[in-house]
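[1] sequence and predicted structure, then a few things I'm wondering about:
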Amino acid sequence: MRRILSLLYVMLASVSPVLISTATAAEYPDHPIKMLTMVNPGAQIDLLARALAEELKNELGQPVLVSNNPGGSHGSVMATGLAASPADGYTLGVSATAAFTYSPYIMITKYTLKDFEFLTLLGLNQSGIICRPDRPWKTLKDAFTWAKGQGRGLTYMFQGSDDRDVVKRIAAGEGVPVSLMPSTGGPSIIAAVLGGHADIGHTGAIMFDYIADGKLRILAATTPVRLSVLPDVPTLKDLGWNESVEMYVVLAAPTGLPDHARIRLNSAIDAIGKKKEFRDFITRKLRMREVDFGPAAAHDYIVNAAARFAKGDGQ
């Protein structure tokens, strides 16, 4: 009898880690998840984060609570908080990819690319350079040609350090002085352009309704590819400049997720990415461009973009 009991003990001891691991995997998540985002409530990325939170809640069976953490360069405040969070699957972050691929190379941050895992791209925030419709320009190239012919510069209101640096490089190459005006976001840029305080400005999807109403003109798409909403508008590359502003949005987590949490999250993301209603929300409501879902596409883009910015080659 003792030998039988000893044998049973050994067998249970060898099997129990597997059982415990399986039980742990089945339990994730067993309490609410926090989702950090880089903007104030009501902004485009906030709306995307809240829609994603609702979808994740439905897939995972636990509430996903959005926490707004604006500030810094392209979401660096949010990214700092995410990097400092436990890597247990209970803190996620939605941000512009530039928080990870750009900010660490232009400023001192408390995090590096290695502090994060990237679960999926969510969309490409479509953007462009705008002016008032009474300006004598059809494209951004026209604006620089006109300014040079007039012997004057242009006043540019920027949204972030990346689009600011892009226009600085273009202006230097064209030999046109440019006065740079910081903004507090898309509405302030539109107000400055309409009011004549800025010759040109850079905005995201907020511009589309103004353009449709004839209140603004778009001079160039700043995205790597043409705008899905206005496909006839040339990109900066189309106009002869090897430049773009890459405003992709990504779902990230701290590095070191447990396998069971990663598998569960990847499965949920895969299911969400196949939902036409969610895809339509991104493309039609938010007017973002569709991207490939999943960790593979996110990882490839992030690593390649960060490598370019690390070399000082934004393009």
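    Arrived safely, thanks for sending.

[2] who does the nearest residue to Pro41 once chain neighbours are set aside bridge with?
    Closest residue in space to Pro41, ignoring its immediate chain neighbours: Asn68 at 5.6 Å, by Cβ to Cβ, 6 or more residues apart in numbering. Bear in mind the C-beta positions are built from the backbone N, C-alpha and C, glycine included. On the basis of DSSP bridges, Asn68 takes part in beta bridges with Thr37.

[3] 53 is where my numbering starts, stick with that
    Got it, the first residue is 53 from now on, which makes the last one we talked about Asn120.

[4] so what's the residue count around Asn120?
    17 (other Cβ atoms under 10 Å).

[5] which residues does it contact?
    By Cβ atoms under 8 Å, 6 or more residues apart in numbering, the contact list for Asn120 reads Thr89, Val91, Asn92, Pro93, Asp98.

[6] you'd agree the last one is up against Thr89?
    Yes. Because the distance of 5.6 Å satisfies Cβ atoms under 8 Å, Asp98 is recorded as touching Thr89.

[7] what touches both of those two?
    Val118, Asn120.

[8] which regions of this structure sit below the pLDDT cut-off?
    Low-confidence segments of the chain (pLDDT under 70): 53-78, 364-367.

[9] redo that, cut-off 80
    53-78, 124-125, 236-237, 361, 363-367 (pLDDT under 80).

[10] what segments of it are strands?
    With DSSP state E as the criterion, the chain has strands at 85-89, 116-120, 143-148, 168-176, 180-183, 206-210, 230-234, 252-255, 269-273, 300-306.

[11] out of the contacts of Asn120, which one sits closest to Ala349?
    Thr89 (20.7 Å; Cβ to Cβ).

[12] in terms of contact, does the closest one touch Gln96 like I think?
    No. Checked against Cβ under 8 Å, the pair Thr89 and Gln96 is beyond contact range at 10.7 Å.

[13] looking at these two, which one has more neighbours?
    Set Thr89 next to Gln96 and count neighbours by other Cβ under 10 Å: Thr89 wins out with 27 against 20.

[14] contacts only, for the more buried one.
    Ile97, Asp98, Ala101, Val118, Ser119, Asn120, Asn121, Met130, Gly145, Val146, Ser147.

[15] try 10 Å
    By Cβ atoms under 10 Å, 6 or more residues apart in numbering, the contact list for Thr89 reads 95, 97-102, 104-105, 118-122, 127, 130, 144-147, 301.

[16] mind listing what Ile160 touches?
    Contacts of Ile160 (Cβ under 10 Å, 6+ apart): Ser128.

[17] from Ser128, how far off is it?
    Look at Ile160 and Ser128: by Cβ to Cβ, to the nearest Å, they are 10 Å apart.

[18] now, of the contacts of Thr89, which are buried?
    95, 97-102, 104-105, 118, 120-122, 127, 130, 144-147, 301 (16 or more other Cβ atoms under 10 Å).

[19] hang on, isn't Tyr154 packed against Ala131?
    No. In this structure, Tyr154 is not within contact of Ala131 by Cβ atoms under 10 Å, at 11.0 Å.

[20] those two: who's more crowded?
    Just comparing Tyr154 and Ala131: by other Cβ under 10 Å the higher neighbour count belongs to Ala131, 29 against 26.
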